[in-house]
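Here is my input; please provide its structure:
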Amino acid sequence: MRFAHKRRERARRGAGDGALARLAATVPQALTGSAEEMERRLKAAFGNGDFHGRIEAERRKNAMYWLILAGLLLLLLAVLAAQLAKGGEAIVSLERPPYPAAPLRVEAEAEAVYGEAKVRRRVELTVRPRERDEAEKRARIEETARRLPQLVLGENESLSAIESDLNPVAYDAETGVSISWASENPALIGDNGVLNRLALREGDSFTLKARLSLEDISEETEITGVLYAGPASKESLAAGVTDALAETVAALNASAEGDAMRLPDADAYGVRYRWDDGAANAHIPEMLALAMFGLFLYRGRYSRIDRQIKAVRRDMIRDFPEFIDKFLLMLNAGLVVSEAVSRIASDYELRRGGGPPRPLYEELAALRQRVENTNASLSVELNRMAARSGLRELLRFAAVVSDNIDKGSALAEKLKTEGELVWKLRKKDMEEAGRLAETKMILPMTLTLLALILITMAPAVLEM
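You can find the predicted model right below:
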């Protein structure tokens, strides 16, 4: 029964791996990495061998990352589509802060529609607190009335020669007075100061009535002028809608009535409004993050194999000085080159089960087997192994052995010099690794110092 259960468990795992392999096969090789390129890199580093399993495992890992990225992207697109269809959560009212608190600033998406013209802007709403002396209020209103002709001119030089839209401000920032406008000649100029260029003729006059309000006190005044404008355009209509939106927002920011700021559905000009929190536009960082993740996956599709090759080369160069010492010891003991290599490889094979594999000695063991089984040339095999490794030290060693394989003591002398050199290089590498470790400790030490400073200063800051 126990063996049957294990067989069923292996069958389930095999089916799962098969399904995963089929799913991974749907991802193009351009994204998961080319099997031929992976095989070329592995063979260049490790020689001829069967790397099919390792390559498939790497491609499955890369494919799973791409599938996860695609799933996240589809999920984000679905959420974005739903939010676009919904248009963001509508804002109906905003609670005012209690007096005398500072005004509350809230960002919102405002959509203004007038006929075929549609404007959508990100606006900031200022929700002011309630509540001033009546004489002060009237003085401020009179000051605004005196400055009113200059406030509404916009780009025009005077009210007697109006050539562009007026700027009927809804709020005087210097006095805090709210202004509402009503045109007595709506066919010529709207309440929002936009000229009707289709109906205007040179010399037409206009009258705009202004109602100045400051909390519970208000007064009315009017301004007159002479108009002239060219024909209407779609751009001027859109500009008028934009001005109406700005005016509405300014009026909302200036008001302080009621317990909540109620956002209008339309204004007196016929412009319709819809207010939302702009959540539909809030996923740009996520999209950028997914794009960066995809670029990272694409650029790193061979990175794990390259890291494995670098780790193997690093282990080989670390073991090389020790190998040189062993080789010299056996040469000085009277062994020839082939016997010395065979003895070192045999000794490693006897102790191989006691720890992790060591790439340099694994290569030597494979080299010994090839030389013994095929009667190949030792120097040729050494040169091939050195070329695959890409290590300068191994290339120099193979060249020295090939040039002096039959010279006995001359080979030992040259290898002794080579051994001293590689030990110096290893010492230099260790010193550089130590300095690099010190550099890496700078960031955590800096963060620790900042944390200590914050902890030390926190009581004093809280007491201020």
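
where's Arg313 relative to Asp306, distance?
Taking C-beta to C-beta, to the nearest Å as the criterion, Arg313 is separated from Asp306 by 11 Å. No exception for glycine: its C-beta is placed from N, CA and C like everyone else's.

For the residue nearest the centre of the chain, identify the helix or strand it belongs to.
Geometric centre of the chain, nearest residue: Ala289, 3.9 Å, by C-alpha atoms, centre = their mean. Counting by DSSP states H and E, the element that carries Ala289 is helix 284-299.

packing partners for that helix?
helix 52-86 (3 or more C-beta pairs under 8 Å, 6 or more residues apart in numbering; DSSP states H and E).

Now find how far off-centre the helix it packs on is within its chain.
Put simply, helix 52-86 sits 17 Å off its chain's centre (C-alpha atoms, centre = their mean, to the nearest Å).

Buried residues in that helix, which are they?
54-55, 58-60, 62-63, 65-66, 69, 73, 80, 83 (16 or more other C-beta atoms under 10 Å).

what does the helix or strand that comes right after that helix contact?
Next along the chain after helix 52-86, taking DSSP H and E as the criterion, comes strand 93-95. Strand 93-95 is contacted by residues 104, 106, 125, 127, 259-263 when judged by C-beta atoms under 8 Å, 6 or more residues apart in numbering.

List the buried residues of strand 93-95.
The neighbour-count check on strand 93-95 (16+ other C-beta under 10 Å) flags Leu94 as buried.

Parallel or antiparallel, list what pairs with that strand.
Here strand 93-95 is paired, per DSSP bridges, with strand 260-262 (antiparallel).

Let me see the residues that make contact with the strand it pairs with.
By C-beta under 8 Å, 6+ apart, strand 260-262 touches 92-96, 125, 127, 252, 255.

Let me have those in a markdown table, adding distance to Glu142 and pLDDT as columns.
Converted to a markdown table, the contacts of strand 260-262 look like this (distance: C-beta to C-beta, whole Å; pLDDT from 0 to 100):
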| residue | distance to Glu142 | pLDDT |
| --- | --- | --- |
| Val92 | 36 | 73 |
| Ser93 | 33 | 79 |
| Leu94 | 31 | 77 |
| Glu95 | 33 | 79 |
| Arg96 | 27 | 76 |
| Leu125 | 29 | 84 |
| Val127 | 28 | 81 |
| Leu252 | 25 | 84 |
| Ser255 | 21 | 82 |
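
Name the nearest of those relative to Leu436.
Taking C-beta to C-beta as the measure, Leu436 sits nearest to Leu125 out of those, at 53.3 Å.

Quick one: residues contacting the closest one.
Applying C-beta under 8 Å, 6+ apart, the residues near Leu125 are 94, 105-108, 249, 252-253, 261.

from those, which ones fall inside helices?
Using DSSP state H, the members of these that fall in helices are 249, 252-253.

List just the nearest of these to Arg343.
Comparing the ones in helices among the contacts of Leu125 against Arg343 with C-beta to C-beta places Val249 closest, at 88.8 Å.

And for that closest one, the neighbour number?
22 (other C-beta atoms under 10 Å).

Make CSV from the contacts of Leu125 and add distance to Ala238 to it.
Below are the contacts of Leu125 laid out as CSV (distance: C-beta to C-beta, whole Å):
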residue, distance to Ala238
Leu94, 27
Arg105, 27
Val106, 26
Glu107, 23
Ala108, 20
Val249, 17
Leu252, 21
Asn253, 23
Met261, 26
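
just the strands in the protein please.
Applying DSSP state E to the chain gives strands spanning 93-95, 104-114, 117-127, 171-172, 177-183, 204-214, 217-227, 260-262, 272-276.

Which positions within the last one qualify as buried?
Buried residues in strand 272-276, counting neighbours by 16+ other C-beta under 10 Å, are found at 273-276.

In a markdown table: those, plus pLDDT.
As requested, the buried residues of strand 272-276 are arranged in a markdown table below (pLDDT from 0 to 100):
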| residue | pLDDT |
| --- | --- |
| Tyr273 | 85 |
| Arg274 | 84 |
| Trp275 | 82 |
| Asp276 | 75 |
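
what's the farthest-apart pair in those residues?
Pairwise distances across the buried residues of strand 272-276 (C-beta to C-beta) peak at 10.6 Å, for the pair Tyr273 and Asp276.

Find residues that contact each of those two.
Here Tyr273 and Asp276 have Glu111 as joint contacts, going by C-beta under 8 Å, 6+ apart.

ok, back up a step: between Arg313 and Asp306, who's got more neighbours?
A side-by-side neighbour count of Arg313 and Asp306, using other C-beta under 10 Å, places Arg313 first with 17 against 13.

Quick one: residues contacting that one.
Here Arg313 is in contact with 45, 359, 389-391 (C-beta under 8 Å, 6+ apart).

Quickly note the distance from it to Leu382.
Relative to Leu382, and taking C-beta to C-beta, Arg313 is found at 17 Å.

cool, Asn253 as well?
Counting by C-beta to C-beta, the gap from Asn253 to Leu382 is 83 Å.

which of the two has more neighbours?
Comparing Asn253 with Leu382 by neighbour count (other C-beta under 10 Å), the higher total belongs to Leu382, at 25 against 20.

ok, now which ones touch the nearest residue to that one once chain neighbours are set aside?
Distances taken as C-beta to C-beta, 6 or more residues apart in numbering place Ala398 nearest to Leu382, at 4.3 Å, with adjacent residues excluded. For Ala398, the contacting residues are 379, 382-383, 385-386, by C-beta under 8 Å, 6+ apart.

Neighbour-wise, which one of those leads?
Leu382 (25 neighbours).

so what pLDDT did that one get?
Per-residue confidence at Leu382 stands at 82 (pLDDT).

is it true that it touches Val401?
Yes. With contacts counted by C-beta atoms under 8 Å, Leu382 reaches Val401, the gap being 5.8 Å.

ok so, going back, which among the contacts of strand 93-95 end up buried?
By 16+ other C-beta under 10 Å, the contacts of strand 93-95 give 125, 127, 261, 263 as buried.

From Ala399, how far off is Leu67?
48 Å.

meant to ask about Val169, not that
Counting by C-beta to C-beta, the gap from Val169 to Ala399 is 87 Å.

who's more crowded, those two?
Using other C-beta under 10 Å, the more surrounded residue of Val169 and Ala399 is Val169, with 21 against 14.
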